[in-house]
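In: Okay, here's the prediction I keep looking at, along with the sequence it came from:
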Amino acid sequence: MYHYWGKAAKGSTAHHLLVYHCLDVAATLRALLDADKRLHQRLHALAPAVAPADLDALLLYFAVLHDLGKFAPAFQQQRQDIVDKLDGPPAKRICNAHHSHLGKAIFFDEDIVVAWQPSLLCRDGWPHKDILAPLTDAAFGHHGKPPQDLSDSNLRLPPSTAAAIRQFMGEVCSRFLPGPLTLPGGDAANQAFRPVSWFFAGLLVVADWLASGQGFAYCETPMDLAVYWNERALPQARATVADCGMVSPLPRQGGGFHELLPHIEQKYGPTPLQAYALEVAGRDSGPRLFIFEDVTGAGKTEAALLAAHAVMAGGEAHGFYIGLPTMATANGMYARMAASYRALFMDADTVVPSLMLAHGARGIQDAFLHSIGLERGRDGESDAADGEQPDSGAFCAAWLADNRKKSLLAPCGVGTLDQALLAVLPAKHQCLRLLGLGRNVLIADEVHAYDPYTTRLLETLLTFQAGLGGCAILLSATLPRRIKQGLAAAFCRGAGYPVPAVSADPLPLATRLANGVFTETPLAQTRTLSVAVTLCHDPAEALDRLVAVHTAGGCAILLCNTVDRAMAARNLLAERLPPADVLLFHARFALCDRLAIEERVLAIFGKGSTTEIRRGKILVATQVIEQSLDVDADFLVTELAPMELVLQRAGRCQRHNRKWRPAGFVGPAVLVLSPPAVDEPGPGWGEAELGKGLFVYPGHDVLWRTAQLLARWERVELPRDARELVEGAYDADALPTPAALQSAEDKQTGKASAEKSLALFNGLEFSQGYGTDAAAGHWHDDRETPTRLGEERVTLRLVRVVDDGLALWAGEGLDAATCARSEVSVPKHRGDALAATDAWQERLDAFAATLPDKGRWVRLVPFVETETAGVWHCALPGTTAVYSREGGLNYG
DNA sequence: AACAAAAAAAAA
Ligand SMILES: [Fe+3]
Ligand SMILES: [Fe+3]
């Protein structure tokens, strides 16, 4: 058994013996379990039918066996030079497959079974293959997917190899499985290892990656396995685990409000929701779900942190992960967390907890990049010199940061919800993400912001989280009752709780599921906004009002449902007002221009602005403004949209405390550009007023009910009235869908239910345990399982044609950040319309080759400046697209 | 055609 290599160096015959690598991985698993007692206990709780000691023994045993497939000739012969050096077995015909599939086949091969069967004796006789399947699939699936059964059942193992494997297994069995195990029998047996297998799969990948890294020295000399285990494997494993960033100090015990949230000024006490979190969250044990519904800016995130801390302090979670709907909001949240997350933990001079930023474009976030590998507060070498505060600021262990798949393993994480959803999709290495989430508290922010497909995936994630014994906190503005019901039910399915009926009580509302008990707690409103709502059917009237705001010296926002309508409205306003006073903001800008506009918007409409800066500014925007920008307008006009969006938009009107408001616009007021809210709308309802915006919100019945309700209400008080209005907009019993809008409704509900079933089909099934069956067999086909649905899109990377060649739009540099800042995403057919001639393609390819990513995943599009300064025309022959920094991309 | 939004490299 010492004639087989497991790891090899490139360019030399230096190698690590296979049996040692196997022990390294088991030792790393041992070290991981010892380092995270809370997780260790969770594993035991997930397999209640198995004695804890027996479970530990089995997990370590299968960890040793994870690379069993590397004994096979197919693997060994990849380095014939080392085989020769080791005097390995000759093989003429081999069974060719990846060693993870081979490992499983070898384990169940009849020549091999005899070597382990006596050690796995259980009460009812030999364990059936199905009982162990979740564990074997997790062990042999350490390359990110469960192994497949080989189509060719003949392994063609040379006799010497079979003998070596039997010898190895014999030694491993006597060492790791000393006494007869008592495995469960009867009907429950097949279920026994299914829940724990999800964690085991993730732990094994972590152990394998750690044990394949720098911390483990190659060893080529044969020695007794027990000696290697004690003197090499375990010490190296413990050192490596201590360094990898997965372990963190214990949570702060008994901290009060201001100690846990040091960024909140002393003069502010907890809001009702935060007081609730402090008081209630630590009370129970076991899987818990909290749903906090309140308006944005009411301190929901802090409440969630307090609740998460209570769960951590109770010894039931390691840390937290905050999942958000966009990368931009994630960046913002990361900045907030960086300043305060360490207060949730005890001060320890040995370990600093890692804070992770997890999303696709984090590579250009300097604040995060600078935090990687900084050993502040640890070895004290660098910080003393530059006088930095050693105990503040973000830190992220280098090992965690070098691969996106590892990012959820950090004790504290902020990122897109999509990163978390990938844990319950048959994506490669999903088990890593699931392990990280499962041991943390999952906090999902802005839950109302997702489509039916993604919401359904979130349900699946909640089932997993509960099934793994974990906790989750959902934060949202008004969550329609049916969506809330689905989320709560999904959590109950995983936790084994009875499914309650959630209410549609007014906001703010705290919902809690713990120990099978369901409670809803209405809370006092902290900040309220009373908005006058007027419907208006004439766009000219809306423009007049905006001009009136300008004249009165105030500022306003006009929200359009499509980019083209926003561009058109901007042009109309620019005819009547100084063009410099009219801003345009939508998503069809290169990132650098978009960020500049966003900064300008915040400077004008943000909290720090002044009456003078705000004077006469009119912003025309699309839905980009809905995304968590804290802006305040004196007056707001919006095109009709589904109720929850209208209310969210209305919340942007006079939300800050400002002394001065323009004459005629004192008090929050919103004008909704809407088709008439008639009782019997005819065919084509809304086409005149909303145009192509009707395609953006195809649930025309919801639009109609929204208009009906707003026409009746005239004034709404937020957040109190939000619930009634949102429920009413979706309630076809109270306001039956008019005949002319029925087909639109049918189409929309049909589409939503199709998307939901697709999400159900794509998502993994917790109850199956780790294995191919959990993915309905589609783990191995190439079908895409995305986190969001939608029309196909392409990313355009804008390129400037300059005197001496090509340059990126965002600047002179050719680095990854300048690339990202030059990009804009468009529908695929729009991108396809910008086809390059062969000559241009050659030129663009040559330019792409000089970029860090070689232009993969994007399409380079050249622009050349026209006679009009600032207006650029697409340089490709036959194209009409135009770009400017003020207007963005116009398809022409 | 009509919004915005995310994802994209392993552990030889
Ligand atoms: Fe492997
Ligand atoms: Fe391995």
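Out: Thanks, I have the structure now. Ligands and ions are numbered 1, 2, ... in the order given.
In: how about the residues of chain A that lie near ligand 2?
Out: Applying Cβ under 5 Å from the ion, we find that chain A lies next to ligand 2 at A:67, A:208. The C-beta positions use only the backbone N, C-alpha and C, and glycine is treated the same way.
In: so, in contact with DNA strand B or not, the longest helix seen in chain A?
Out: Longest helix in chain A by number of residues (criterion: DSSP state H): helix A:739-762. No: Helix A:739-762 stays clear of DNA strand B (Cβ under 7 Å from any atom of the strand), getting no nearer than 10.6 Å.
In: Buried by neighbour count: which residues of the helix or strand following that helix qualify?
Out: Moving toward the C-terminus from helix A:739-762, the next helix or strand (DSSP states H and E) is strand A:793-802. Using 16 or more other Cβ atoms under 10 Å as the test for burial, strand A:793-802 gives A:794, A:796-800.
In: low-confidence ranges in the stretch 1-150 of chain A?
Out: For the stretch 1-150 of chain A, the stretches flagged by pLDDT under 70 are A:91, A:121-128.
In: would CSV of the buried residues of strand A:793-802 with pLDDT be doable?
Out: CSV is the format used below for the buried residues of strand A:793-802 (pLDDT from 0 to 100):
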residue, pLDDT
A:794, 93
A:796, 95
A:797, 96
A:798, 96
A:799, 95
A:800, 95
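In: For DNA strand B, state which of these is nearest.
Out: residue A:794 (8.2 Å; Cβ to the nearest atom of the strand).
In: so that closest one sits right up against residue A:834, yeah?
Out: No: Residue A:794 lies out of contact with residue A:834 (Cβ atoms under 8 Å); the separation is 9.3 Å.
In: which residues do those two both contact?
Out: residue A:859 (Cβ atoms under 8 Å, 6 or more residues apart in numbering).
In: quick revisit: tell me what the longest helix of chain A is packed against?
Out: On a contact count with 3 or more Cβ pairs under 8 Å, 6 or more residues apart in numbering; DSSP states H and E, helix A:739-762 meets helix A:452-467, helix A:700-713.
In: Which among the ones you listed is found nearest to DNA strand B?
Out: helix A:452-467 (7.7 Å).
In: In PDB, could you pull the C-alpha coordinates for the closest one?
Out: What follows is helix A:452-467, C-alpha atoms only, in PDB (Å, rounded to 0.1, in the frame of the first residue of the first chain):
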ATOM      1  CA  PRO A 452     -41.500  33.800  -8.000                       C
ATOM      2  CA  TYR A 453     -38.700  31.600  -9.200                       C
ATOM      3  CA  THR A 454     -36.100  33.000  -6.800                       C
ATOM      4  CA  THR A 455     -38.500  33.200  -4.000                       C
ATOM      5  CA  ARG A 456     -39.300  29.500  -4.400                       C
ATOM      6  CA  LEU A 457     -35.500  28.700  -4.300                       C
ATOM      7  CA  LEU A 458     -35.400  30.700  -1.000                       C
ATOM      8  CA  GLU A 459     -38.100  28.400   0.300                       C
ATOM      9  CA  THR A 460     -36.000  25.400  -0.500                       C
ATOM     10  CA  LEU A 461     -33.000  27.100   1.200                       C
ATOM     11  CA  LEU A 462     -35.200  27.600   4.300                       C
ATOM     12  CA  THR A 463     -36.200  23.900   4.300                       C
ATOM     13  CA  PHE A 464     -32.500  23.000   4.300                       C
ATOM     14  CA  GLN A 465     -31.600  25.500   6.900                       C
ATOM     15  CA  ALA A 466     -34.300  24.200   9.300                       C
ATOM     16  CA  GLY A 467     -33.600  20.600   8.400                       C
END
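In: counting contacts, what elements does it pack onto?
Out: The contact analysis (3+ Cβ pairs under 8 Å, 6+ apart) places helix A:452-467 against helix A:417-421, helix A:430-438, strand A:441-444, strand A:471-476, helix A:481-495, helix A:739-762.
In: Measure how far that helix is from the centre of its chain, please.
Out: 12 Å (Cα atoms, centre = their mean, to the nearest Å).
In: can you tell if it touches DNA strand B?
Out: No: judged by Cβ under 7 Å from any atom of the strand, helix A:452-467 stays clear of DNA strand B, getting no closer than 7.7 Å.
In: And the residue of the stretch 101-250 of chain A closest to ligand 2?
Out: residue A:208 (4.3 Å; Cβ to the ion).
In: Which element, helix or strand, includes that residue?
Out: Per DSSP H and E: helix A:194-211 holds residue A:208.
In: okay, the angle between that helix and helix A:430-438?
Out: 110 degrees (axes from the mean of the first three to the mean of the last three Cα atoms, to 10 degrees).
In: Go through the helices and strands packed on helix A:452-467 and name the closest to residue A:109.
Out: Residue A:109 lies closest to helix A:430-438 among the helices and strands packed on helix A:452-467, at 25.4 Å (Cβ to Cβ).
In: returning to what we had before: which positions in the helix holding residue A:208 come out as buried?
Out: A:194-211.
In: Give me the helices and strands touching it, please.
Out: helix A:18-35, helix A:37-46, helix A:52-64, helix A:129-140, helix A:234-243, helix A:430-438.
In: again, 10 Å this time
Out: Packed against helix A:194-211 by the contact rule (3 or more Cβ pairs under 10 Å, 6 or more residues apart in numbering; DSSP states H and E) you find helix A:18-35, helix A:37-46, helix A:52-64, helix A:129-140, helix A:234-243, helix A:430-438, helix A:452-467.
In: got a list of what residue A:164 touches?
Out: A:1-4, A:18-19, A:71, A:88-89, A:157-158 (Cβ atoms under 10 Å, 6 or more residues apart in numbering).
In: now with 8 Å?
Out: A:1, A:3-4, A:71.
In: By neighbours, which of the residues you listed wins?
Out: residue A:71 (29 neighbours; other Cβ atoms under 10 Å).
In: follow-up on the earlier one: please flag which of the contacts of residue A:164 sit within strands.
Out: Using DSSP state E, the subset of the contacts of residue A:164 located in strands is empty.
In: hmm, which two among the residues you listed are most spread apart?
Out: Longest span within the contacts of residue A:164, Cβ to Cβ: A:3 and A:71, 9.7 Å.
In: Rank the helices and strands of chain A by mean pLDDT and give me the bottom one.
Out: Lowest by mean pLDDT, DSSP states H and E among the helices and strands of chain A is helix A:383-386, with a mean of 37.
In: so after it, what's the next helix or strand?
Out: helix A:398-401.
In: what's the offset of that next one from the middle of its chain?
Out: 18 Å.
In: Just the mean pLDDT for stretch A:817-831, thanks.
Out: Stretch A:817-831 comes out with an average pLDDT of 94.
In: typed the wrong thing, it's stretch A:717-732
Out: 93.
In: Let's see that stretch as CSV, backbone CA atoms only.
Out: The C-alpha trace of stretch A:717-732 is given here as CSV (Å, rounded to 0.1, in the frame of the first residue of the first chain):
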residue,chain,number,x,y,z
GLU,A,717,-50.0,56.4,6.1
LEU,A,718,-46.9,54.3,6.0
PRO,A,719,-46.1,51.7,7.2
ARG,A,720,-49.5,51.2,8.7
ASP,A,721,-51.6,51.1,5.5
ALA,A,722,-49.1,49.2,3.5
ARG,A,723,-50.4,45.8,4.4
GLU,A,724,-54.0,46.5,3.5
LEU,A,725,-53.2,48.1,0.2
VAL,A,726,-50.8,45.4,-0.9
GLU,A,727,-53.1,42.6,0.1
GLY,A,728,-56.0,44.4,-1.6
ALA,A,729,-54.0,44.8,-4.9
TYR,A,730,-53.7,41.0,-5.1
ASP,A,731,-57.1,40.1,-3.8
ALA,A,732,-59.3,39.0,-6.7
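In: List the buried residues for it?
Out: A:718-731.
In: Of those residues, which is the nearest to residue A:312?
Out: residue A:719 (29.1 Å).
In: thought that closest one was touching residue A:479?
Out: No: using Cβ under 8 Å as the test, residue A:719 is too far from residue A:479 to be in contact (12.0 Å).
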